[in-house]
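**Student:** sequence and predicted structure are below.
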Amino acid sequence: MAEKITGATRARRGMAPRCALTAALVLAGAAVVSAAQDFPNRPVRLIAGSPGSTGDFSARYIAQRLSERWRQQVVVDNRPAVGGIVAAEIVAKANPDGHTLIVSGISVHATAQFLFRKLPFDPLRDFAPVSNLTNSGIVIVVIPTVPAHNLRDFISYAKGRAGGVNYASSVAGSSSHLAGELFNQLTGAGLVHIPFKGAGYSMTALMTNEVQSAFLSTTTTSTQVRAGRLRALALLGTQRYAGMPEVPTAAEQGYPGLESNVWFGLFAPARTPPALVARINREVVDILRQPDTQQAMLTQGAEPAPNSPAEFEAFVKRESLKWGRVIREAKIEVQ
């Protein structure tokens, strides 16, 4: 005899798949939470760029502290080729389980997409931002013979000098180059860019009076500024740098849009479970807020800058938009 289908029967049959779906979602959520709680269950690989850089120092410092907390080895793997692009590709294609992370920064996630015709990853979509780690302010320095002690005097000097004033950068397309382009766009100073193959060569050019000015990190310039061999005119940051407290920011001198930082942050592969990203973030933020961490970073010319995954993601997107505009307006050649 055929079953008489009533409204109640139809309701029960309709509820069955919904209940099954709900149960599946609950189980999946429980699995994600469990994975975050069990993490890490094997050594963690932390990819970094060039050995000896601020990013490398940050990676090694964080790796040591996380190893102590997790009681699991966090191994730093330096992959400096092609300005960090090779390193980023490894992480972009890694299993999103938190066991492969990267310390990377502005050159990969905010400028590379505008300087290279083709990348093996998307700098924004293929990564899960965990936290910003450090900021190193860009400082405008001049040689002592330049008759300027503040930004306004320097801009006037550059505009009035026959042949203009040149500035050194560590390499074309680098943060130091782009800071100079931003400076020109906001002030009309017309500085002439002279690229070198690294910050060390830029410093040599300054010391030998081959160039008159440069936009370099506080890490690179602080020793020479303290010794009086270079004069710091302004820090291109949101606040004064603790290692150079006497140097005012550009904003303090009437140029609020003139901001440029060399920053490094921690990223995981895209699709890493948010609960796991949040757990790693909590550990890293706590490490960065410790007084000994702040002192250690200060020795490298950097300052800890921890934030939440959402805040860091928004920051990276703003940086990408900003430097994309600067690069396009400067008509910098794409490689």
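**Tutor:** That came through fine. Numbers count the residues shown, from 1 in each chain.
**Student:** show me the contact partners of whatever helix or strand Ala296 lives in.
**Tutor:** Element membership of Ala296 [criterion: DSSP states H and E] is helix 291-298. Applying C-beta atoms under 8 Å, 6 or more residues apart in numbering, the set of residues contacting helix 291-298 from outside is 57-58, 61, 65, 134, 242-243, 287-288, 303-304. Heads up, the C-betas are built off the backbone N, CA and C, glycines and all.
**Student:** now Thr134. Nearest residue, chain neighbours left out?
**Tutor:** Of all residues beyond its chain neighbours, the one nearest Thr134 is Ala302 (3.9 Å), with distances taken as C-beta to C-beta, 6 or more residues apart in numbering.
**Student:** that should have said Gly198, apologies.
**Tutor:** With C-beta to C-beta, 6+ apart as the criterion, Gly198 has its nearest non-adjacent residue at 5.5 Å, and that residue is Ser170.
**Student:** before we move on, back to that, give me the phi and psi for the residue nearest to Thr134.
**Tutor:** Here is the backbone geometry of Ala302 (degrees, to the nearest 10): phi -120, psi 160.
**Student:** correct me, but it touches Ser136?
**Tutor:** Yes - taking C-beta atoms under 8 Å as the contact criterion, Ala302 and Ser136 are neighbours in contact, 4.6 Å apart.
**Student:** joint contacts of those two?
**Tutor:** Each of 54, 218-219 lies in contact with both Ala302 and Ser136 under the rule C-beta under 8 Å, 6+ apart.
**Student:** what's the PyMOL syntax to select whichever of those are buried?
**Tutor:** Listed next is the PyMOL selection for buried residues among the shared contacts of Ala302 and Ser136, using 16 or more other C-beta atoms under 10 Å:
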select buried, resi 54+218+219
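**Student:** ok so, going back, drop anything exposed from the contacts of helix 291-298.
**Tutor:** 57-58, 61, 65, 134, 243, 287-288, 303-304.
**Student:** dump the residue contacts of the nearest residue to Gln212 once chain neighbours are set aside.
**Tutor:** Spatial nearest neighbour of Gln212, chain neighbours left out: Val165 (5.0 Å); criterion: C-beta to C-beta, 6+ apart. Neighbour list for Val165: 146, 157-158, 189, 191-192, 212-213 [criterion: C-beta under 8 Å, 6+ apart].
**Student:** follow-up on the earlier one: in strands, which of the contacts of helix 291-298 fall?
**Tutor:** Taking DSSP state E, the ones among the contacts of helix 291-298 that sit in strands are 134, 303-304.
**Student:** now do the helix holding Ala296: distance to the chain's middle.
**Tutor:** A distance of 18 Å separates the centroid of the chain from that of helix 291-298, by C-alpha atoms, centre = their mean, to the nearest Å.
**Student:** same deal with stretch 257-271?
**Tutor:** On the basis of C-alpha atoms, centre = their mean, the separation between the geometric centre of stretch 257-271 and that of its chain is 2 Å.
**Student:** just the buried positions in it, please.
**Tutor:** By neighbour count, and taking 16+ other C-beta under 10 Å as the criterion, the buried residues in stretch 257-271 are 258-270.
**Student:** sorry, back to before: list the buried residues of the helix holding Ala296.
**Tutor:** Neighbour-count burial for helix 291-298, counted by 16+ other C-beta under 10 Å, picks out 293, 297-298.
**Student:** how far away is the spatially closest residue to Phe267 that is not a sequence neighbour from Val334?
**Tutor:** Leaving aside its chain neighbours, Phe267 sits nearest to Phe127 (4.3 Å; criterion: C-beta to C-beta, 6+ apart). Spatial separation of Phe127 from Val334 under the definition C-beta to C-beta, to the nearest Å is 22 Å.
**Student:** repeat for Ala88
**Tutor:** Here the distance between Ala88 and Val334 works out to 18 Å (C-beta to C-beta).
**Student:** comparing the two, which residue is more hemmed in?
**Tutor:** Of the pair Ala88 and Val334, Ala88 is the one with more neighbours under other C-beta atoms under 10 Å, namely 27 against 11.
**Student:** sec struct for the more buried one, please.
**Tutor:** Assigned state for Ala88: helix (three-state reduction, DSSP: H, G, I helix; E, B strand; the rest coil).
**Student:** adjust the sequence numbering to begin at 9 for everything that follows.
**Tutor:** All right, first residue 9 from here; so that's Ala96.
**Student:** next up, the contacts around it.
**Tutor:** Under the criterion of C-beta under 8 Å, 6+ apart, the contact list for Ala96 reads 55, 110, 112, 116, 129, 131, 135.
**Student:** farthest-apart pair in those, please.
**Tutor:** Taking C-beta to C-beta as the measure, these span a maximum distance of 14.7 Å, between Ile55 and Pro131.
**Student:** where do the helices of the chain begin and end?
**Tutor:** Read by DSSP state H, the chain holds these helices, from start to end of the chain: 15-46, 62-78, 93-100, 114-117, 120-123, 159-168, 183-195, 207-215, 226-234, 282-296, 299-306, 317-338.
**Student:** adding distance to Glu260 and mean pLDDT, write these out as CSV.
**Tutor:** As requested, the helices of the chain are arranged in CSV below (distance: least, C-beta to C-beta, whole Å; pLDDT from 0 to 100):
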stretch, distance to Glu260, mean pLDDT
helix 15-46, 43, 55
helix 62-78, 24, 96
helix 93-100, 35, 95
helix 114-117, 23, 95
helix 120-123, 30, 95
helix 159-168, 9, 97
helix 183-195, 15, 96
helix 207-215, 24, 89
helix 226-234, 16, 87
helix 282-296, 26, 98
helix 299-306, 21, 94
helix 317-338, 20, 97
